[in-house]
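Student: missing the sequence, but the structure's below:
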């Protein structure tokens, strides 16, 4: 999302948003199809290739079933093709990691260090702090990647489930012709949805002693349902601030200009 900040005008911003949705779909959908194929093979088995229930063995070994993608690639493709695909996946992960490190260090530097710790300092100091924070986050990521290799799959699943909680406020932003959701409702719904995701996701619910937990996708949908209800209810019962209305009207003019 950092790329949206560098758009030189509203037209480029709109084109970038549309293009992002298209190119993300171009590889998310094939990835989902590979997962569905793995589910079929897991249910019926493929003698001499993959045994019935092989996903359970992967989960026991890596702590998550998401390793099935690499297994499907290496099992059904020529080693040369599989090598290129896995190398591409690794390169994509590295580029994404670069963005995450940069975005995280930027947020911590600008929104916390510059605003609350040492405001009005030379730009060189903020650059140095950002680089130090980036290095610290890199060490943390390296630690978990080496010592807890299955954790990345859990984090990804929980992140997707948590990301679903942004849907109500996102829809209000991209379809702002009617002001249905205000800031109080959006925050309340997001908090409730995130709490439910944390409680009902199998990776985190066990720490709270939950008697029933679900896959992150299911927990995300449960949280989203509660999120929508709370968002609409709180938005109906509260009034938006004057500043919020002004920002909304300005944004709507930009979007539909």
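Tutor: Arrived safely, thanks for sending. For clarity, every value in this text was computed on a predicted model and none was experimentally measured.
Student: buried sites along the helix or strand containing residue 93?
Tutor: Using DSSP states H and E, residue 93 maps to helix 79-107. Residues 82, 101, 105-106 are the ones in helix 79-107 that count as buried (16 or more other CB atoms under 10 Å). Bear in mind the C-beta positions are built from the backbone N, C-alpha and C, glycine included.
Student: same question for stretch 130-146.
Tutor: For stretch 130-146, by 16+ other CB under 10 Å, it's 130, 133-134, 137.
Student: so what touches stretch 83-102?
Tutor: 2, 70, 73-74, 77, 134, 137-138, 141 (CB atoms under 8 Å, 6 or more residues apart in numbering).
Student: of these, which belong to helices?
Tutor: 70, 73-74, 134, 137-138, 141 (DSSP state H).
Student: what's the closest of those residues to residue 23?
Tutor: residue 73 (20.8 Å; CB to CB).
Student: right, and the closest one touches residue 82 too?
Tutor: Yes: using CB atoms under 8 Å, residue 73 is in contact with residue 82, at 5.0 Å.
Student: how far off centre is stretch 65-82?
Tutor: Distance of stretch 65-82 from the chain centroid (CA atoms, centre = their mean, to the nearest Å) equals 24 Å.
Student: so that it lines up with my notes, have the first residue be 67 from now on.
Tutor: In the new count, where the first residue is 67, that last one comes out as stretch 131-148.
Student: who's in contact with it?
Tutor: Against stretch 131-148 from outside (CB under 8 Å, 6+ apart): 97, 100-101, 103-104, 115-116, 120-121, 124-125, 127, 151-152, 219, 222-223.
Student: which of those residues fall in strands?
Tutor: Secondary structure assignment (DSSP state E) places none of the contacts of stretch 131-148 within strands.
Student: of these, keep whichever come out buried.
Tutor: Going by neighbour count (16+ other CB under 10 Å), the contacts of stretch 131-148 have 104, 116, 120-121, 124-125, 219, 223 buried.
Student: circling back: which single one of the buried residues of helix 145-173 is nearest to residue 305?
Tutor: residue 172 (33.9 Å).
Student: out of everything not next to it in sequence, what's closest to the closest one?
Tutor: For residue 172, ignoring the flanking residues on the chain, the nearest one in space by CB to CB, 6 or more residues apart in numbering is residue 196 at 6.3 Å.
Student: go on, residue 252?
Tutor: Nearest non-adjacent residue to residue 252, counting by CB to CB, 6+ apart: residue 235, 4.1 Å away.
Student: and the helix or strand in which the one you found is found, what does it pack onto?
Tutor: Using DSSP H and E, residue 235 sits in helix 233-240. Helices and strands touching helix 233-240, by 3 or more CB pairs under 8 Å, 6 or more residues apart in numbering; DSSP states H and E, are helix 249-266, helix 282-303.
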